[in-house]
Every structure is written in structure tokens, then in C-alpha cells.
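Trainee: dropping a prediction and its sequence here:
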Amino acid sequence: MKKRIVLATGNQDKVKEIVEILKNPDIELLTLEDFPGAPEVVEDGETLEENALKKARVIFEFTQLPAVSDDTGLEVEYLNGAPGVYSSRYSGENATYADNVKKLLGALQGVPPGKRQARFRCVVALYSENDTRIVEGICEGEITEQSRGNGGFGYDPVFFVPAQGCTFAEMDLNVKNKTSHRAKAFLKLRNLLENKEFKF
Ligand code: IMP
């Protein structure tokens with residue numbers, strides 16, 4: 001019989017991306033759409049790990065099924081790792097992506113190209129009553145001096161990936177989804193599931 005896992009995210013773009021990566025004949029992947037009334041989880045932890053684990057645990061408690069969740073942060077070296085766990089609300093509680101990008105470019109104004117290193121770090125938690133696993137995926141890059149490109153979301157227009165020679169917002173979405181921090185973290189989870197290392 002197939003094992004069931006619930007994806008604890010309401011973001012449909014992420015759902016599509018993750019379903020594609022985790023395809024596995026032994027696993028049935030459910031989403032929050034299958035569980036009307038699932039609680040909204042407040043991401044108020046001090047680390048990405050805390051937030052990912054909290055989301056997975058709350059959804060496990062509601063569904064009684066193993067739940068998987070992710071939390072991502074942009075860590076900028078010059079800013080000592082900020083905005084990090086506060087990436088989505090860097091310029092305030094109801095900040096738009098554009099507000100956050102503007103604040104970031106302002107914080108790095110005058111900082112020369114060689115000192116603008118940053119990385120996206122995605123932490124994924126898989127939680128059940130018998131086991132808990134945390135894996136992470138990292139994508140290294142640099143913050144540009146201006147926004148470039150129209151694709152993607154969040155900080156994509158200012159996140160330059162040297163390996164691809166463009167920002168995430170300029171990159172073909174299929175390429176981004178195969179090489180991103182999230183892809184790397186979920187690939188690790190896939191390996192763990194394929195190797196039957198997780199105790200459901
Ligand atoms: P979340 O925890 O995955 O929702 O990510 C938190 C914040 O990080 C988002 O609101 C975005 O601003 C940013 N973020 C996460 N993943 C990406 C990405 O792939 N590109 C650009 N920004 C991202």
C-alpha cells in the first residue's frame with residue numbers, strides 16, 4: 001500500500017514544483033486542498049528550522065498523516081545573514097516583494113560587486129509521530145545593484161546566479177526549478193524516501 005504524505009504549504013507554485021520532484025510510485029502526496037479547515041500556521045520562529053518544523057507538526061496534528069514543510073531565507077553576507085528567517089517581512093509585516101527588494105538594495109547601496117555575496121537556504125522538515133527529518137538546500141549567488149528580469153517571485157530579480165550567468169528572474173523557470181535551493185532540499189528528501197530511511 002502507498003504511504004501518504006501531506007504537503008504543508010498553500011502556495012500552488014511550490015506545490016507544483018514539489019510534486020514534480022517527489023514523484024514516487026510508493027508515495028501518495030496530498031496537499032492542504034485535501035484537508036479543508038487546516039490551520040494557518042504563523043511563522044514566528046527564530047530560525048528556518050523552527051518554522052519548517054512547526055508547520056509540519058501542526059499539519060501532522062490536524063491530518064494525523066506525516067507532513068512535509070519548507071521555509072526559505074535569503075542570507076546576505078554583508079548584512080550578517082539578514083534578512084534570513086525574516087525574508088518575507090523584511091520591510092514590515094505586510095511587505096510586498098517589491099518593498100523587500102527595495103529595502104535590500106538600499107541596505108547594500110554603495111557596497112561593491114565583490115562584497116554582495118548571498119545565498120538562499122531552504123529548510124525542509126518531514127514530521128510524523130515516529131520520525132522527524134530536516135534537510136536543507138543552498139543556492140549561492142550575489143545581489144545585483146538593480147532588478148533584472150520579469151520571472152519568478154520574491155528576491156528573484158536581484159539574485160544573480162554565477163553558474164547560470166543571470167538572475168533567477170531572468171532564468172527559464174524549468175532551469176530555476178531544477179537548480180534552486182528548494183529543488184536541492186527536496187531532492188535530498190526524495191533520496192531519503194527512496195532509500196526507505198523514514199519511519200512513517
Ligand atoms: P518561504 O518561506 O518559502 O515562503 O520564503 C520566505 C520568503 O523568502 C518569501 O516571501 C520570498 O520573499 C523569499 N523566497 C523564498 N524562495 C524564494 C525564491 O525561490 N526566490 C526568491 N525569493 C524567495
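Mentor: Thanks, I have it. Note that the structure is predicted; figures quoted are calculated from it, not measured.
Trainee: point me to the residue of this structure nearest the ligand.
Mentor: residue 154 (2.4 Å; CB to the nearest ligand atom). (C-beta placed from N, C-alpha, C; glycine too.)
Trainee: distance of the nearest residue to that residue once chain neighbours are set aside relative to residue 169?
Mentor: Closest residue to residue 154 apart from its sequence neighbours, by CB to CB, 6 or more residues apart in numbering: residue 97 at 5.3 Å. From residue 97 across to residue 169, the span is 11 Å (CB to CB, to the nearest Å).
Trainee: who has more neighbours out of those two?
Mentor: residue 169 (21 against 14; other CB atoms under 10 Å).
Trainee: close to the ligand, is stretch 21-39?
Mentor: No - using CB under 6 Å from any ligand atom, stretch 21-39 stays clear of the ligand, with a minimum separation of 13.8 Å.
Trainee: end-to-end on that stretch?
Mentor: Taking CA to CA, to the nearest Å as the measure, stretch 21-39 stretches 25 Å from start to finish.
Trainee: and for that stretch, what's in contact with it?
Mentor: With CB atoms under 8 Å, 6 or more residues apart in numbering as the contact definition, stretch 21-39 has outside contacts at 2-10, 15, 18-19, 58-59, 62-63, 65, 183, 186-187, 189-190, 193-194.
Trainee: mind listing what's buried in that stretch?
Mentor: Within stretch 21-39, the residues scored as buried using 16 or more other CB atoms under 10 Å are 21-22, 27, 29, 31-32, 35, 38.
Trainee: returning to that earlier point: which strand or helix spans the residue of the chain closest to the ligand?
Mentor: For residue 154, there is no enclosing helix or strand under DSSP states H and E.
Trainee: just to revisit the earlier point, just to check, the residue nearest to residue 154 is in contact with residue 152?
Mentor: No - at 9.5 Å, residue 97 does not count as touching residue 152 under the criterion of CB atoms under 8 Å.
Trainee: quick one: residues contacting the residue nearest to residue 154.
Mentor: Contacts of residue 97 (CB under 8 Å, 6+ apart): 153-155.
Trainee: can you add distance to residue 80 and pLDDT and give the residues you listed back as a markdown table?
Mentor: What follows is those, written out as a markdown table (distance: CB to CB, whole Å; pLDDT from 0 to 100):
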| residue | distance to residue 80 | pLDDT |
| --- | --- | --- |
| 153 | 25 | 91 |
| 154 | 20 | 95 |
| 155 | 17 | 98 |
